[in-house]
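In: model the structure of this input:
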Amino acid sequence: MSKQQVRDIHAYLAELDDIPGTRVFTAARARKGYWLNQFAMSLMKSENREAWKADERKYLEDWPMTEDQKEAILARDYNRCLDLGGNVYFLAKVFSTDGLSFAEAVSTMTDMSFPEYQDMMKKGGRSPEGNRSIKANLAAADNNKGVN
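Out: So this is what the prediction gives:
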């Protein structure tokens, strides 16, 4: 293997954090969110859903999650859950238990209302303009500071 073919995995994974509004579910996130995701998966069983609905805080006492993770779930702050290692497909069990469709729940992770989110998705999703690179957006903003 040539030196050019060898790539630092940490540098590669850091590049994934450059995508605006995107959290890539890496092995590190999986480790961080293990118990958060196990909690979410527990909601597949009806008796667990009933216990969760009866007293959410009490139900979380049985899970060795961080307090930040518990607070994020209780607040239904799904972006924070993702930052804390949650996987959106596991969190879908929470959405469903709350009676939300996947699209309704995901719309709460944007700055759009559900109808606005639906409309955007029907039109093909968000534009790639301004959504390719955080670094490029910052550079463009710096370049435009003196231009009016």
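
In: how much space between the residue nearest to Ser133 when sequence neighbours are not counted and Lys135?
Out: Ranked by Cβ to Cβ, 6 or more residues apart in numbering and with sequence neighbours excluded, the top spatial neighbour of Ser133 is Asp18, at 5.2 Å. Every residue, glycine included, has its C-beta placed from N, CA and C. Computed with Cβ to Cβ, to the nearest Å, the distance linking Asp18 and Lys135 is 6 Å.

In: residue ranges of the helices in the chain, please?
Out: With DSSP state H, the ranges of helices along the chain come out as 9-16, 27-32, 34-42, 46-54, 56-60, 67-75, 78-83, 88-97, 102-107, 114-122, 134-143.

In: list the residues that contact Thr26.
Out: If you count contacts by Cβ atoms under 8 Å, 6 or more residues apart in numbering, Thr26 has them with 13, 16.

In: now do 6 Å
Out: If you count contacts by Cβ atoms under 6 Å, 6 or more residues apart in numbering, Thr26 has them with Leu13.

In: so how far is Asp17 from it?
Out: Applying Cβ to Cβ, one obtains 10 Å for the distance of Thr26 from Asp17.

In: look at Ala139 and say how many residues are nearby.
Out: Ala139 sits with 11 neighbouring residues when counted by other Cβ atoms under 10 Å.

In: please apply the same query to Val94.
Out: The number of residues packed around Val94, counting by other Cβ under 10 Å, is 21.
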